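Engineer: predicted model, plus sequence, below.
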Amino acid sequence: MSVLSGFLLKSGSIQFNSICRRYISAKAFIFQKQFQGFPKESDFKLVNEELPALKDGEFLAAAEYLSVDPYMRAYAPRVKTGKTFMGSQIAKILESKNPDFPEGKYIVGEYGWRTHTVSNGKPLANGVPSAWLIPDLGNLPISLALGVLGMPGNTAYFGLLEICKPKAGETVIITGAAGAVGSHVGQIAKIKGCKTIGVAGSDEKGKWLVQELGFDHFINYKTDNVKAKLKEYAPNKIDCYFDNVGGGISSLIMMYMNLFGRISVCGAISGYNETELPKAPIVQYPMTFNQLKMEGFIVHRWLDRWLEGIEQNKNWIQEGKLKYPETVTNGFENMYEAFTDMLRGGNIGKAIVKV
């Protein structure tokens, strides 16, 4: 019998009596309709679900933090309607019949927008873990397992160091620089002795990047003459480009790169809400004449080194070399607001929802 017997948790969401568990009720956002352009609130439906009792090999996890990320917009066409919308969460194991996932432990689970989940912990069909135990983070906030000490942190770590391979003294530019991944990439570039330029959409973000995170320069793509700023801030041109955005600005940056420059393609935020495949200026010209190397990636390529990235990022935090900004929205019912605010660029650093 669970040690939770006899208690009422989450205002009735989970209820136990002194003999056995009576029921488990979860809240979940169901993906009702494929997005047409920018996501609408009516594309989701908040429902209550009664979950089954645990079988051998299963465990019950309750979400404490949920992630909202740009990739969710890009991957949405792959999500079947009528299913829970995608996403990672930090959850506490409340009850377990699986020795690999003991009661009381915290996990990162690929459970989507839901408050409670019954899981067997087995990998997803693509081989990605459906849940992993969060390692000891010391006195650091556990929410970082969704950010700098989780998937976004490893995206920055491996995407920059394995693909761009920056060298001390080189110039690195990052688009989407104020987001969870971009802000991390710029800090790693500085740790490696590089000159760092961040591109984002507000002067407030720019001041934060330069004054708080140590970026050398900032370009406001909405108000600045980007071409002129590139010449001013990178007189010796650009060696490495970490691309979160795509679109016309990426083609412009590529035109201003050095011979044998390296480009790490993480995302294409500028086109995620387009109803048709967006057009962009030709890239073959700068690719050919500057002899550039351009490589896209998905971070799960480095699953076998996952803890390496987490440990190194944790060490940099403890050494005072890496900061971990978060934008926190309170309340599970506000998942849609947090998601769309992030898509509009309203977040600084990692965007999360606290249940």
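Structural biologist: That came through fine.

Engineer: show me what the longest strand along the chain is packed up against.
Structural biologist: Longest strand of the chain, by residue count under DSSP state E: strand 21-31. Applying 3 or more CB pairs under 8 Å, 6 or more residues apart in numbering; DSSP states H and E, we find strand 21-31 packed against strand 14-16, strand 44-51, strand 116-119. C-beta coordinates here come from the backbone N, C-alpha and C atoms, glycine included.

Engineer: ranking those by burial, who's on top?
Structural biologist: When these are scored by mean count of other CB atoms under 10 Å, the highest mean neighbour count falls to strand 116-119 (a mean of 22).

Engineer: packing partners for that strand?
Structural biologist: strand 21-31, strand 44-51, strand 59-67.

Engineer: number of nearby residues for the closest residue to Asp341 other than its chain neighbours?
Structural biologist: In space, Asp341 comes closest to Asn347 once its chain neighbours are excluded; the distance is 6.6 Å by CB to CB, 6 or more residues apart in numbering. Neighbour count for Asn347, taken as other CB atoms under 10 Å: 22.

Engineer: next one: Tyr75
Structural biologist: Neighbour count for Tyr75, taken as other CB under 10 Å: 13.

Engineer: in space, what's closest to it - neighbours in sequence excluded?
Structural biologist: Spatially, and ignoring its direct neighbours in sequence, Tyr75 is nearest to Met86 (6.4 Å; CB to CB, 6+ apart).

Engineer: which residue, other than its chain neighbours, is closest to Ala189?
Structural biologist: Ala189 sits nearest to Val172 (CB to CB, 6+ apart), 4.2 Å away.

Engineer: quick check: neighbours of the particular helix or strand that has that neighbour in it in the sheet, parallel or antiparallel?
Structural biologist: According to DSSP states H and E, Val172 maps onto strand 171-175. Sheet pairing for strand 171-175, assigned by DSSP bridges, gives strand 195-200 (parallel), strand 238-243 (parallel).

Engineer: separation between Lys323 and Glu50?
Structural biologist: Noted for Lys323: a distance of 43 Å to Glu50, by CB to CB, to the nearest Å.

Engineer: per-domain residue ranges of this structure.
Structural biologist: 27-147+328-354, 151-300 (automatic domain parsing).

Engineer: in three-state terms, label Gly261 for me.
Structural biologist: Going by DSSP: H, G, I helix; E, B strand; the rest coil, the secondary structure assigned to Gly261 is strand.

Engineer: my guess is it contacts Tyr241, does it?
Structural biologist: Yes. Using CB atoms under 8 Å, Gly261 is in contact with Tyr241, at 6.8 Å.

Engineer: now do the shared contacts for the two.
Structural biologist: Common neighbours of Gly261 and Tyr241 are listed as Met254 (criterion: CB atoms under 8 Å, 6 or more residues apart in numbering).

Engineer: ok, back up a step: pick the most deeply packed of the helices and strands packed on strand 116-119.
Structural biologist: Comparing the helices and strands packed on strand 116-119 by mean count of other CB under 10 Å gives strand 59-67 as most buried, with a mean of 24.

Engineer: for that strand, name the packing helices and strands.
Structural biologist: Taking 3+ CB pairs under 8 Å, 6+ apart as the contact cut, strand 59-67 packs with strand 89-96, strand 106-109, strand 116-119, strand 350-354.

Engineer: just say which of these is most tucked in.
Structural biologist: Comparing these by mean count of other CB under 10 Å gives strand 350-354 as most buried, with a mean of 25.

Engineer: so what strands line up beside that strand?
Structural biologist: strand 59-67 (antiparallel), strand 326-330 (parallel).

Engineer: what sits up against that strand?
Structural biologist: With CB under 8 Å, 6+ apart as the test, strand 350-354 has contacts from 64-69, 143, 146-148, 152, 180, 324-332, 334-335, 338, 341-342.

Engineer: nearest the geometric middle of the chain, what residue?
Structural biologist: With distances taken as CA atoms, centre = their mean, Pro152 lies nearest the centre of the chain, 4.3 Å away.

Engineer: A helix includes that residue, no?
Structural biologist: Yes. The assignment for Pro152 is a helix, going by three-state DSSP.

Engineer: distance of it from Gly247?
Structural biologist: 21 Å.

Engineer: ranges for the helices of this structure?
Structural biologist: Ranges of helices in the chain, per DSSP state H, are 71-75, 151-158, 180-191, 203-207, 226-233, 248-255, 284-289, 306-318, 335-343.

Engineer: so which of those is nearest Pro39?
Structural biologist: helix 335-343 (5.9 Å; CB to CB).

Engineer: thank you, goodbye.
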